[in-house]
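Visitor: Please find the sequence and the predicted model below.
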Amino acid sequence: MTTILKVQGLQKRFGKVQALSDVTFNVEAGEVIGFIGPNGAGKSTTIRILLGIIKRDGGNAEIFGKDAWKDSFEIHKKISYVPGDVSLWGSLTGGEIIDLFMKLHGSGDKEKRDYLIERFELDPRKKAKGYSKGNRQKVGLIAALSVDSDLYIFDEPTSGLDPLMEHVFQEEVEKIKAAGKSVLLSSHILSEVERLADKVVIIRQGEIVEAGTLDELRHLTRSTVTLETEKDVAKMLNVKGVHDFVQKDNQGIFSADHKYLNDILVEATKLGVKKFEAAPPTLEDLFMRHYEG
């Protein structure tokens, strides 16, 4: 696969604050990377370095094989970016701003622009000063999605959008991916990342603490098992690999270590299994594993 974005050992300090101490990850062609972490973890600082807005203190950051700082002008010709709070020119209409962004980028599809305006239910004739936060986000998203880019960088792009518009955005990202384009998606909406991302990068206090596909990361946490048996299900309480056992009527609900699932099943069959459901950990489980406490 072709590496579109490469970050290696990225470092950034603001005065006495070490914002980034060791950030390393790649984005390959046609890949959607979910970049997650709480406020202050270093997501936006990393993105600002990638965009050439601020200069890194150490490490490397490359897009399309070019240096993110030195070659930012060339890089910007092939990327689209939407921040979490889009600022607009209040005296211009939404439509005028979208056209201006497309012109500044140097490419754009007017038919796609009109299609996206309809999909996102934006009134393009209204002055930007009268727009809500959600409508400002729509302007940024429509402008970014109306141009042909090889890399799309979204930093909390659906902030302020209602669930219906979030769904529209997700569908458009899936189309980008199907077209072989790459996406770096920073989002607090973990269900959104779980639906769209091929891989997840979790950042904590300026360092990457986990990276990989959801399937690769899920082995790190336990599945949630719901078990109903003919005999007393409470006998599962002391089975190796069973944790946090709770009994509700005839059912036992517990967390199970993956490496002991076979042993757990063997013990469950001795009790006469009537129901056995095992749910893998969600992205939220993986995320909270690094931030609980």
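Guide: All right, it came through fine. Numbers count the residues shown, from 1 in each chain.

Visitor: and the residue nearest to Lys129 when sequence neighbours are not counted, which of the three is it?
Guide: Nearest in space to Lys129, with sequence neighbours left out and distances taken as C-beta to C-beta, 6 or more residues apart in numbering, is Gly90 at 3.3 Å. Placement of C-beta: from N, CA and C, glycine included. Under DSSP: H, G, I helix; E, B strand; the rest coil, the three-state class of Gly90 is coil.

Visitor: quick one, what contacts Gly90?
Guide: Neighbouring residues of Gly90 by C-beta atoms under 8 Å, 6 or more residues apart in numbering: Lys127, Ala128, Lys129.

Visitor: What is the burial count for the residue nearest to Ile79 when sequence neighbours are not counted?
Guide: Spatial nearest neighbour of Ile79, excluding adjacent residues (C-beta to C-beta, 6+ apart): Leu151 at 4.6 Å. By other C-beta atoms under 10 Å, 21 other residues sit near Leu151.

Visitor: Any figure for the gap between Leu151 and Ala178?
Guide: Noted for Leu151: a distance of 16 Å to Ala178, by C-beta to C-beta, to the nearest Å.

Visitor: which helix is the longest one in this protein?
Guide: Counting residues, the longest helix found in the chain (DSSP state H) is helix 163-178.

Visitor: What residues of it count as buried?
Guide: Burial within helix 163-178, assessed by neighbour count using 16 or more other C-beta atoms under 10 Å, is assigned to Met165, Glu166, Val168, Phe169, Gln170, Glu172, Val173, Ile176, Lys177.

Visitor: what's the answer for stretch 63-79, then?
Guide: Under the neighbour-count criterion of 16+ other C-beta under 10 Å, stretch 63-79 has Ile63, Phe64, Ala68, Trp69, Ser72, Ile75, His76, Lys78, Ile79 buried.

Visitor: And what about the residue lying closest to the third one once chain neighbours are set aside, helix, strand or coil?
Guide: Pointing back at Ala68 there. What sits nearest to Ala68 in space, not counting adjacent residues and going by C-beta to C-beta, 6+ apart, is Ala61, at 4.0 Å. Under the three-state scheme (three-state DSSP), Ala61 adopts strand.

Visitor: List the contacts of Ala61.
Guide: Lys6, Val7, Gln8, Leu10, Ile49, Leu50, Asp67, Ala68, Trp69.

Visitor: Spell out which strands sit alongside whichever strand or helix holds Val246 in the sheet and which way each one runs.
Guide: Element membership of Val246, judged by DSSP states H and E, is strand 242-248. Strand 242-248 pairs in its sheet with strand 251-256 (antiparallel), by DSSP bridges.

Visitor: What residues sit buried inside the very next helix or strand once past the strand it pairs with?
Guide: Next helix or strand after strand 251-256 toward the C-terminus (DSSP H and E): helix 261-269. Within helix 261-269, the residues that count as buried by 16+ other C-beta under 10 Å are Ile264, Glu267, Ala268.
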